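S.K.: Show me the folded form of this:
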Amino acid sequence: MYPKQVHDFLLQFFKENNCPILSENDHYVVVQLTEEMDKKLMNRPYYWQYVEATGTEPSPMQLTFITDKTKLKEDVKGEVIHFGSNRLSQMFKAVQDLGSFVHMYEKVKSDTQVIFTPWLGVNYKVTYYSDQTKETFYSLGINLMTGIVREDFHESIKEISFDVAMPDNVFNLPYIIKPLRGLERLDAIIDGVIANDDHTWAEEAKERLRRSLEVLEYFYDGVEDKPECYEMEKKALEEQYAARVGIEIINGGLFYMK
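M.R.: Next comes the predicted model:
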């Protein structure tokens, strides 16, 4: 990310999280944190414990972020923020945490009543681990009225405009399939995808492990009482080449649509 991209991200991030921008130009931003954002970004657990225990008036921090120090002409003191900095990484994580589950309505304008159908959409990341790593992303949606499952769900709705507020003149159909049950169905589909996938990668990792262990044994050939480092190296190799599968839900939400 270039400095301008970081700067634009900060403005959008704080705007979306209701943190007032007190001052800014192209190269710095002065922001007043909310209580929630102070707790997420500032690592002051003891302060907030004290505030909550004593009923003291809270005082969220005010911060100045410098996004391009090389072009800053004013005498501004603040925290330099750039791609790769810990603070920016904190904000990326906050975005992921805060946006991990949404409840959205399609934007519509109509003089007659519009009927919305509830969909549960979930984005998954499936990772195959060994000494090599492969990641695949899946986006699935399930109609909570009919049970119909839509693959590439994100692609199918990305052109639709959504809002957190329900539009006027709209009737939401009550879901027949509970969201938790819908999630279980989508999880089962992902399990099936993995079960039916080509797993030669795991066999290949096992073969690479076998060859690496042969090399290790060669170096210790003839040594009756193998040293502790031998067991450590062997264990490290076994962990390095161990084939395993990880499934992670990146985010999801309830989407009410026509």
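
S.K.: how far is stretch 204-219 from where the chain is centred?
M.R.: The chain centroid and the centroid of stretch 204-219 are separated by 36 Å, computed with CA atoms, centre = their mean, to the nearest Å.

S.K.: what residues are up against D187?
M.R.: Contact analysis of D187 by CB atoms under 8 Å, 6 or more residues apart in numbering lists I247. Heads up, the C-betas are built off the backbone N, CA and C, glycines and all.

S.K.: Would you check how far apart it and I142 are?
M.R.: 11 Å (CB to CB, to the nearest Å).

S.K.: per-residue pLDDT, the residue sitting furthest away from the middle of the chain?
M.R.: In terms of distance from the mean C-alpha position of the chain, G222 ranks first, at 51.0 Å (CA atoms, centre = their mean). G222 is assigned 81 on the pLDDT scale.

S.K.: Repeat that for M1.
M.R.: pLDDT for M1: 62.

S.K.: Now whatever helix or strand E52 lives in: buried residues?
M.R.: Using DSSP states H and E, E52 sits in helix 45-54. Judged by neighbour count (16 or more other CB atoms under 10 Å), helix 45-54 contains these buried residues: Y47.

S.K.: Name the next helix or strand downstream of it, please.
M.R.: strand 62-66.

S.K.: name the helices or strands packed onto that following strand?
M.R.: strand 28-32, strand 79-80 (3 or more CB pairs under 8 Å, 6 or more residues apart in numbering; DSSP states H and E).

S.K.: Could I get the full set of helices for the stretch 151-258 of the chain?
M.R.: Assigned by DSSP state H, counting those that start in this stretch, the helices in the stretch 151-258 of the chain fall at 153-157, 179-195, 200-219, 228-241.

S.K.: any low-confidence regions in the stretch 51-200 of the chain?
M.R.: The stretch 51-200 of the chain contains residues with pLDDT under 70 at 99.

S.K.: which residues touch the residue farthest from the centre of the chain?
M.R.: With contacts defined as CB under 8 Å, 6+ apart, G222 has no neighbours.

S.K.: Give me whichever of the helices of the stretch 151-258 of the chain is most buried.
M.R.: Using mean count of other CB atoms under 10 Å, the stretch among these with the greatest mean number of neighbours is helix 153-157 (a mean of 16).

S.K.: for that helix, packing partners?
M.R.: Using 3+ CB pairs under 8 Å, 6+ apart, helix 153-157 sits against strand 114-129, strand 133-143.

S.K.: Just give me how far it sits from the chain centre.
M.R.: 18 Å.

S.K.: same thing with stretch 24-35?
M.R.: On CA atoms, centre = their mean, the centre of stretch 24-35 falls 24 Å from that of its chain.

S.K.: start to end distance for it?
M.R.: 21 Å (CA to CA, to the nearest Å).

S.K.: And for stretch 15-34?
M.R.: OK, stretch 15-34 end separation, CA to CA: 11 Å.
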